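>>> can't give you the sequence, but here's the structure:
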């Protein structure tokens, strides 16, 4: 997640007049969060066992 956040900051700083370039970065971050949420919801016991 850190890389996509850093990418969003970098794009905003370097190309402030092209906000449409942020869409792929933000979409990737949203997809990543949704996928992680689904993995945790589908298999919470297996994930918790592997952490412990």
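Arrived safely, thanks for sending. Computed from a prediction, not measured in an experiment: that's the story for all the values here.

>>> contacts and neighbour counts: CA atoms only from here.
Noted.

>>> How far off centre is the longest helix seen in the chain?
If you go by DSSP state H, the chain has its longest helix at helix 22-42. Offset of helix 22-42 from its chain centre (Cα atoms, centre = their mean, to the nearest Å): 5 Å.

>>> ok, now stretch 31-44?
Using Cα atoms, centre = their mean, the offset of stretch 31-44 from its chain centre is 12 Å.

>>> how near is the residue most central in space within the chain to residue 22?
What sits nearest the mean C-alpha location of the chain, by Cα atoms, centre = their mean, is residue 29, with 2.4 Å. For residue 29, the distance to residue 22 (Cα to Cα, to the nearest Å) stands at 11 Å.

>>> neighbours around residue 40, how many?
Other residues lying near residue 40 total 13 when counted by other Cα atoms under 10 Å.

>>> any idea how far residue 4 is from it?
From residue 40 to residue 4 the distance is 21 Å (Cα to Cα).

>>> How about residue 21?
13 Å.

>>> what mean pLDDT does the helix or strand residue 3 falls within have?
Following DSSP states H and E, one finds residue 3 within helix 2-14. In this model, helix 2-14 has a mean pLDDT of 86.

>>> Stretch 18-31 now?
Stretch 18-31 comes out at a mean pLDDT of 91.

>>> Residues contacting it, please?
1, 4, 5, 7, 8, 11, 12 (Cα atoms under 8 Å, 6 or more residues apart in numbering).

>>> Compile the residues you listed into CSV and extend it with columns for distance to residue 34 and neighbour count.
Formatted as CSV, these follow (distance: Cα to Cα, whole Å; neighbours: other Cα atoms under 10 Å):
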residue, distance to residue 34, neighbour count
1, 12, 11
4, 15, 16
5, 16, 13
7, 19, 15
8, 18, 19
11, 23, 17
12, 24, 15
